[in-house]
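[1] Okay, structure incoming, though there's no sequence with it:
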C-alpha cells in the first residue's frame, strides 16, 4: 500500500491506539495525530508514542489527513461526524471501528453528506476488557477479523485504502451488510456482555456478596471477564443495536425457561443432551479457529 | 502430617488425579490405588504415574487404606458409597470432592452408616474445563480454597487428616454448613455454567451458526470456557443442587427482564449504572484476590 502520510485517530483508546501502533510498527504511516476528550489519556498517548501530536476536529487536523479512524464510543459518533464534516479534506478517507454498523451508516448518511463516498464503515473484531491508551498494543489485530460494510456510494480507492491499512495491522478483511453484521454480533458479542454484567450485578447485590465472591474461582473469572469492559462503550453498543439484542435476549430467556423446566422435572437426559451438545459445538469451533 | 501409606482415589480424573499428584509431589503419600470405570483412562493414569495400581471397591483395595477420596461425578456417589460401606477398613478416612454438599451428606448418612464418623465431606474450589487423567496436574489446588463441611458425628482426627492432606496440596481450608455451601456455589459456579452452556446452545442452533461462530472472538471464548466442562458431571451437579440453582435462575431471569426494559425504553442512564456497577464490583473482587 501507499504510505499514509497523515493519520488521524479520533478516540485514542485500546482500539484507536492499537491501530496507530500497528501501522507505525509496519512502517505504513508517517505521522499520527490524536483527537480525544480526556487530557490525561492524551498525555499518555503522547508519552507512549502512540500519537505524534494532539489535534482537534478542525481543518488544521483533518484538512490534509489521508485517513481518519473514528474509534470513540458509538454514542459520540453523531457529534464527531457533525464536527468533522465541514473541515474534512477533499481526499481524506474516513473509517470507524464501531461495534454496531447500521446506526453508524445511518448517521454517516445524515451527517457526512458529500464525504460519504470516502466513509468506509468498519468493525475490528478484537479487543480486551481493558480501555484507554495504556491498553493499546501493536499486536491487537494480528490474526483477527475486520468487518467492512462498504456503501454503494463508496469510492473503490477509499475502500482499498482502508482494507490495506487493516491488512497492515495483520487482520483479515471480510465484507458484510450492516444489518447482517449487527445480528451476528448481537448473538456472539453483545448478548454475552449483557449476561456477564447481569451476573456480576446479581452476585454483588446478594446480601452476603462478600462471601459469595470469596468462593468464586477461575470459571467465574473467565465468564465475567467481559464485565470489566468499558461501561459507556457497552451502553452505547446495546442501545445502538437494541432491536437485534432484544431478539437475542428473548431467545435466551426462552432457553433459560427450558433449562428451568428440565431442572424442575429432574430431566437428567435433557440436561445432559444440552450440556454435551454445547460442549461439542464449542470444541468444534475452537478446533476450526485453531485454538 | 503423618505420611499416608495408602491412598485410594475413586474417579481418577482432573480432580482426583491432581490430588494424587499433589500429595505425591509433597512426599505425603506412599502408594496410590485408583478405582475407575474407564479402562482407557485408568491406563493413562498408570502411564502418567498418577496411580501406582488399579483397584476396585473391595476389601483388598479399601480394607487397609488410610484415606479414600471420592472424585467421581456426584450422580455416581450413591452406588460408590453403597459398594464401599461394607469393605471399608476400620480406620479408613473418606472424603469427597463433590461440587454439592447437602446431597452428599444425605447420601453418606444413609449409605455409610458406621463409617460416618470417618467421612468428611469436602469440595475443592478449583478446576479447569478439561477432564480425565490427562488433565490432572500437581499444582491445581495451589492457592485455592477447599471447603469442608464436617458433620457433628465426625471424629476430630479424621477431620485433621483431611485438612492436612489438602494443605499439602497447597490449598486453604474453610469450613461451612452444607446448605450454605450449596447456596454460595449455585450463585458463583453452577448458574454461570448453565448460562454458558445455554449461550453456546443458542448460537449453535441458529440457522447461520457457522457464520456466527466465525465472528466470535476472545470475549466469547472466555465467557463460554466453562461450557467445555464435563457434561455428565455438570448434569449431576445441577440436579443435586437444583433447589438453590432454580432460585438463582429465577433471580437472573428477573435481572434480564430489567435489562430488557432498560433497552426497550432506551434508558441509557440505568444501563450505564448497571454496567459500571458490575465492572467496579468485579474489579474490586480481582483486587481482593490479588489478580
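    Here it is on my side, so go on. All values derive from a computational prediction rather than experimental measurement. Numbering: from 1, shown residues only, chains lettered A, B, ... in the order given.

[2] how about residue A:239, what does it touch?
    Each residue near residue A:239 by C-beta atoms under 8 Å, 6 or more residues apart in numbering or on different chains is listed here: A:75, B:263, B:266, B:268, B:271. For the C-beta atoms, the positions are set from N, CA and C on the backbone; glycine is no exception.

[3] Show me the shaky parts of the stretch 51-200 of chain A.
    Low-confidence segments of the stretch 51-200 of chain A, defined by pLDDT under 70: none present.

[4] could you pull out the helices for it?
    A:59-62, A:77-84, A:102-111, A:156-168, A:178-185, A:191-205 (DSSP state H, counting those that start in this stretch).

[5] what's the first one in contact with?
    For helix A:59-62, contacts defined as C-beta under 8 Å, 6+ apart pick out A:8, A:33, A:35, A:55, A:68, A:84, A:87-89, A:92.

[6] Deepest in the core, which of the helices of the stretch 51-200 of chain A is it.
    For the helices of the stretch 51-200 of chain A, the largest average neighbour count (mean count of other C-beta atoms under 10 Å in any protein chain shown) is found in helix A:191-205, namely a mean of 24.

[7] Can you spell out which helices and strands pack onto that one?
    When contacts are defined as 3 or more C-beta pairs under 8 Å, 6 or more residues apart in numbering or on different chains; DSSP states H and E, helix A:191-205 sits against helix A:209-214, helix A:231-240, helix A:242-264, helix B:191-205, helix B:218-223, helix B:242-264, helix B:268-288.

[8] What is the fifth one packed up against?
    Packed against helix B:218-223, as judged by 3+ C-beta pairs under 8 Å, 6+ apart, are the following elements: helix A:191-205, helix A:218-223.

[9] how about CSV for the helices and strands packed on helix A:191-205, with distance to residue B:24 added?
    Converted to CSV, those look like this (distance: least, C-beta to C-beta, whole Å):
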stretch, distance to residue B:24
helix A:209-214, 29
helix A:231-240, 47
helix A:242-264, 39
helix B:191-205, 30
helix B:218-223, 32
helix B:242-264, 35
helix B:268-288, 32
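
[10] Can you check which of these gets nearest to residue B:173?
    In this view, the helices and strands packed on helix A:191-205 are compared for proximity to residue B:173 by C-beta to C-beta, and helix A:209-214 is the closest at 13.4 Å.

[11] Give the buried residues for the closest one.
    The neighbour-count check on helix A:209-214 (16 or more other C-beta atoms under 10 Å in any protein chain shown) flags A:211-214 as buried.

[12] With distance to residue B:136 added, can I get the helices of the stretch 51-200 of chain A in CSV?
    As requested, the helices of the stretch 51-200 of chain A are arranged in CSV below (distance: least, C-beta to C-beta, whole Å):
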stretch, distance to residue B:136
helix A:59-62, 58
helix A:77-84, 50
helix A:102-111, 49
helix A:156-168, 43
helix A:178-185, 38
helix A:191-205, 29
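
[13] which one among the contacts of residue A:239 gets closest to residue B:206?
    When those are ranked by distance to residue B:206 (C-beta to C-beta), residue B:263 comes first, at 20.3 Å.

[14] any idea how far residue A:250 is from that closest one?
    11 Å (C-beta to C-beta, to the nearest Å).

[15] Residue A:24 too?
    Distance of residue A:24 to residue A:250, given as C-beta to C-beta: 44 Å.

[16] Who has more neighbours out of these two?
    A side-by-side neighbour count of residue A:24 and residue A:250, using other C-beta atoms under 10 Å in any protein chain shown, places residue A:24 first with 19 against 12.

[17] Once you drop chain neighbours, what's closest to that one?
    Once its chain neighbours are removed from consideration, residue A:24 has its nearest residue in residue A:32; the separation is 6.9 Å (C-beta to C-beta, 6 or more residues apart in numbering or on different chains).

[18] With residue A:16 instead?
    residue A:71 (3.2 Å).

[19] residue contacts, the one you found?
    For residue A:71, the contact set (C-beta under 8 Å, 6+ apart) comprises A:9-13, A:15-16, A:19, A:96-97.

[20] Same question for residue A:218.
    For residue A:218, the set of contacting residues under the criterion of C-beta under 8 Å, 6+ apart consists of B:126-128.
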